[in-house]
Each structure stands twice: as structure tokens, then as C-alpha cells.
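**Student:** Requesting a structural model of the entry that follows:
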Amino acid sequence: MKACIAVLHSFIANAAKFDIDDSTMSKELQQLGLPKEHSDALCTPYLDNKDALQAKFLDQTLKIPALQIGAWQVQQGETKSVVMRLTSAKSVDQTGDKNNDLQLCLTAEKFHLLLRELKTARSLLDEIS
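**Tutor:** Have a look, this model is predicted:
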């Protein structure tokens, strides 16, 4: 019984996440072996609550606040490293700490890799926009 409920939960959750219409959902359930009457009985409450389910999943989505570079410096030593202080208007962690400063320390090699990957991501986003 628990396995059946888990499968239905997963199926309905994924249908809501990927915005599947009720007729497609009914056909998919029938292809999995559920009788038409049962699949239609599951699709009716799904259709009625689809917007609420999607809103619930949107609330559970990981959201990262925008970060800004407050200050940075290059440290000389055995290996060069870049230290950046990142600030955010909102708290980044769940502790509720009022200090929203994060410190990021990267070696020069990792900094150049990060910079190259961010430029690549920016160009990909510009292409689809």
C-alpha cells in the first residue's frame, strides 16, 4: 500500500511540476496499467488542484539571493589568491544571522576558471534572451 501511494505521489508531483494536462496524465496512467475509471478519478482532483500544487512546488524551489562584491583584494604569498567579500540584502543561510557578508577565497587558477565559466554562462543566457 505504501509503495502504491509513493508511486502516485511521485506521478502527480511530477505531472504538476512539468505542467502535464489531465488527458495526457490519464493516458499515461492507463499505459501503466490503471483502469480508465481509476485514472479519470485521479485526474479530476489533480486538475482542480493543479495551480495550488504548482504554487507549492515553486515555494519549495531553492532561491539564492543576489550577491554583490563588496570588496576584493589579491593576496601575495606562496600562491596568489583572490579574496572577495560578498554582500546580500537578504540572509543567505537559515540561521537568521544579521551579518550578510560572505568571504570567498580562491586561488588564482580557480578564480580564472570561475571567471571563464561565468562569461560562458552569460553568453549562453544572452543567446536565449
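**Student:** can you map out the strands along the protein?
**Tutor:** Using DSSP state E, the strands of the chain run over residues 67-75, 81-88, 101-107.
**Student:** Dump these into a markdown table; add mean pLDDT, distance to L58 and mean neighbour count as well.
**Tutor:** All C-beta atoms are positioned from the backbone trio N, CA, C, and that covers glycine. Formatted as a markdown table, those follow (pLDDT from 0 to 100; distance: least, CB to CB, whole Å; neighbours: other CB atoms under 10 Å):
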| stretch | mean pLDDT | distance to L58 | mean neighbour count |
| --- | --- | --- | --- |
| strand 67-75 | 80 | 22 | 11 |
| strand 81-88 | 82 | 21 | 16 |
| strand 101-107 | 83 | 26 | 13 |
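**Student:** do you know which of these lies nearest T24?
**Tutor:** strand 67-75 (39.7 Å; CB to CB).
**Student:** just the angle between that closest one and strand 81-88, please?
**Tutor:** Strand 67-75 and strand 81-88 are oriented at 160 degrees to each other (axes from the mean of the first three to the mean of the last three CA atoms, to 10 degrees).
**Student:** Now do strand 67-75 and strand 101-107, the angle between them.
**Tutor:** 50 degrees.
**Student:** what packs against strand 67-75?
**Tutor:** strand 81-88 (3 or more CB pairs under 8 Å, 6 or more residues apart in numbering; DSSP states H and E).
**Student:** can you give me the helices in this structure?
**Tutor:** 2-17, 22-31, 36-59, 108-128 (DSSP state H).
**Student:** mean confidence for the third one?
**Tutor:** Read it as helix 36-59. For helix 36-59, mean pLDDT rounds to 92.
**Student:** domain ranges for this structure?
**Tutor:** 2-59, 67-128 (automatic domain parsing).
**Student:** got CSV for the strands of the chain, with distance to D59 too?
**Tutor:** Formatted as CSV, those follow (distance: least, CB to CB, whole Å):
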stretch, distance to D59
strand 67-75, 22
strand 81-88, 20
strand 101-107, 24
